[in-house]
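Asks: Sequence and predicted structure, then a few things I'm wondering about:
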Amino acid sequence: MVLPRKVVAQTLEHLLGMMVWHRQQTWRGDPDPGQKISQSIAYMKQHLEQPLLVSMLAALTNLSPSHYAALFKQHTGYAPIDYFIHLRMH
């Protein structure tokens with residue numbers, strides 16, 4: 001089966017776009033999710049006296065609030081707010 005040129009061209013364009021995007025992400029040095037969680041924990045420790053929202057912590061790590069909360073729980077075993085409360089108590 002021979003694919004139409006338009007389909008081949010679109011597929012190639014998509015592949016090249018993904019390669020450029022991946023290279024930009026690597027070039028920017030975006031931290032891995034574990035580093036992002038570690039950075040947000042450091043932020044929590046520096047701001048114990050202030051109220052924090054999951055949406056604000058997610059924005060600091062460039063993640064959506066739901067994705068941030070899931071990653072945070074995966075890495076720490078706690079929801080972000082529960083972890084923050086635990087930090088405040090200590």
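Replies: On my side now, so go ahead. Numbers count the residues shown, from 1 in each chain.
Asks: Can you give me the pLDDT of the residue nearest to the spatial centre of the chain?
Replies: The structure's the chain has its C-alpha centroid closest to residue 63; by C-alpha atoms, centre = their mean the separation is 4.0 Å. Listed pLDDT for residue 63 reads 88.
Asks: Report the contact partners of it.
Replies: 36, 71 (C-beta atoms under 8 Å, 6 or more residues apart in numbering). In short, each C-beta sits where N, CA and C put it, glycine included.
Asks: Same question for residue 34.
Replies: Counted by C-beta under 8 Å, 6+ apart, residue 34 has contacts residue 75.
Asks: Would you mind measuring from it to residue 49?
Replies: Using C-beta to C-beta, to the nearest Å, one gets 27 Å for the distance from residue 34 to residue 49.
Asks: what does residue 60 give?
Replies: 17 Å.
Asks: Repeat that for residue 39.
Replies: Taken as C-beta to C-beta, the span from residue 39 to residue 49 is 19 Å.
Asks: repeat for residue 4
Replies: For residue 4, the distance to residue 49 - C-beta to C-beta - is 63 Å.
Asks: Likewise for residue 72?
Replies: Residue 72 is 21 Å from residue 49, by C-beta to C-beta.
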